[in-house]
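In: turn this into a structure:
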Amino acid sequence: MIAQEIINPIVPVLHPTDSIGRALELMQEYRIGQLVLTDADQYKGIISEDALMDYANDELPLAHVMPQHEGVFALNHQHAYELLQVSNQHDLQVLPVVEEESMRFLGTILINDLLTRFADSLGIQEKGAVVVLKMTNRDYSLSEVSRLIETNNTRILSSFFVGNSSTDGYDVPNDARLTLKLNRTDIMPVLATLERFGYDIEATYANSAIDSPDQERLANLMRYLSI
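Out: Sure, this is the predicted structure:
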């Protein structure tokens, strides 16, 4: 998923000849606090509603307004991970996209659209449990974890690893987290396998431990064992 695939074609673009009043009208109409400013297909920066509110004259052209983030944009081929980093770093609601060689403005990404597309790519909408494992950096092996999980006829839909940022050469015990989205909710066998191989399970979510027929059979077995 790259920048040019996430451009929202209906988002309006501002020009230096547009008035402050017109810019505010567009922001209210599209319910967004920022819009991209361009001139002759060249990206010039981002105009924010907060900045425009400081001007008393609504008829003043945007050419008299200092845009923000002139050097902040996405190249057409950049991946969603990079886009999220840029938008978070600069607290953006919109992200301009330009063509790498010509630097021609291609369109605007709405950050809400980016977050939605990114969530979809992680399988957020898919039914399934989430498992969080605690570990050290040196213990991280997605291939090994995946192998253990797949032995229980379960697949990893997406994964996210946050490692220990220590630079002293030593791992802090259980300081890293591996978050896994699985393709099923009945994951008790998966958890048992991970624990048997020494993995520390911090939390599980959307985990339906035992279906009702299995729960009844388990209850019968426990009663039998207690005789």
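
In: can you give me the buried ones in stretch 2-20?
Out: Buried residues in stretch 2-20, counted by 16 or more other Cβ atoms under 10 Å: Ala3, Ile6, Ile7, Val11, Pro12, Val13, Leu14, Asp18, Ile20. C-beta here means a position set from N, CA and C on the backbone, and glycine is covered the same way.

In: which of these lies closest to His79?
Out: Nearest to His79 among the buried residues of stretch 2-20: Ala3, at 8.0 Å, using Cβ to Cβ.

In: how near is Ser143 to Thr193?
Out: Distance check for Ser143 against Thr193: by Cβ to Cβ, to the nearest Å, it reads 15 Å.

In: okay, these two: which has more neighbours?
Out: Neighbour count, other Cβ atoms under 10 Å: between Ser143 and Thr193, Thr193 has more, with 16 against 6.

In: so how far is the stretch of helix or strand the more buried one belongs to off the chain centroid?
Out: Thr193 is part of helix 188-196, with elements assigned from DSSP states H and E. Per Cα atoms, centre = their mean, to the nearest Å, the displacement of helix 188-196 from the mean C-alpha position of its chain is 28 Å.

In: which strands and helices lie in contact with whatever helix or strand comes next after it?
Out: Using DSSP H and E, the helix or strand that directly follows helix 188-196 along the chain is strand 200-205. Counting contacts by 3 or more Cβ pairs under 8 Å, 6 or more residues apart in numbering; DSSP states H and E, strand 200-205 is packed against strand 130-135, helix 188-196.

In: in a markdown table: these, plus distance to Glu150.
Out: Formatted as a markdown table, these follow (distance: least, Cβ to Cβ, whole Å):
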| stretch | distance to Glu150 |
| --- | --- |
| strand 130-135 | 14 |
| helix 188-196 | 10 |
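
In: mind checking these for the one nearest to Ser102?
Out: Ranking the helices and strands packed on strand 200-205 by their distance to Ser102 (criterion: Cβ to Cβ) puts strand 130-135 first, at 43.1 Å.

In: pull out the buried positions in that closest one.
Out: For strand 130-135, the neighbour count (16+ other Cβ under 10 Å) marks Val130, Val131, Leu133, Lys134, Met135 as buried.

In: now do the first one against Val145, distance only.
Out: Which is Val130. 14 Å.

In: any common contacting residues for those two?
Out: Leu180 (Cβ atoms under 8 Å, 6 or more residues apart in numbering).

In: for Leu84, the count of nearby residues, please.
Out: Neighbour count for Leu84, taken as other Cβ under 10 Å: 15.

In: moving C-terminal from the helix or strand encompassing it, which element do we reach first?
Out: Element membership for Leu84 (DSSP H and E) is helix 80-90. Using DSSP H and E, the helix or strand that follows helix 80-90 towards the C-terminus is strand 94-98.

In: thank you, goodbye.
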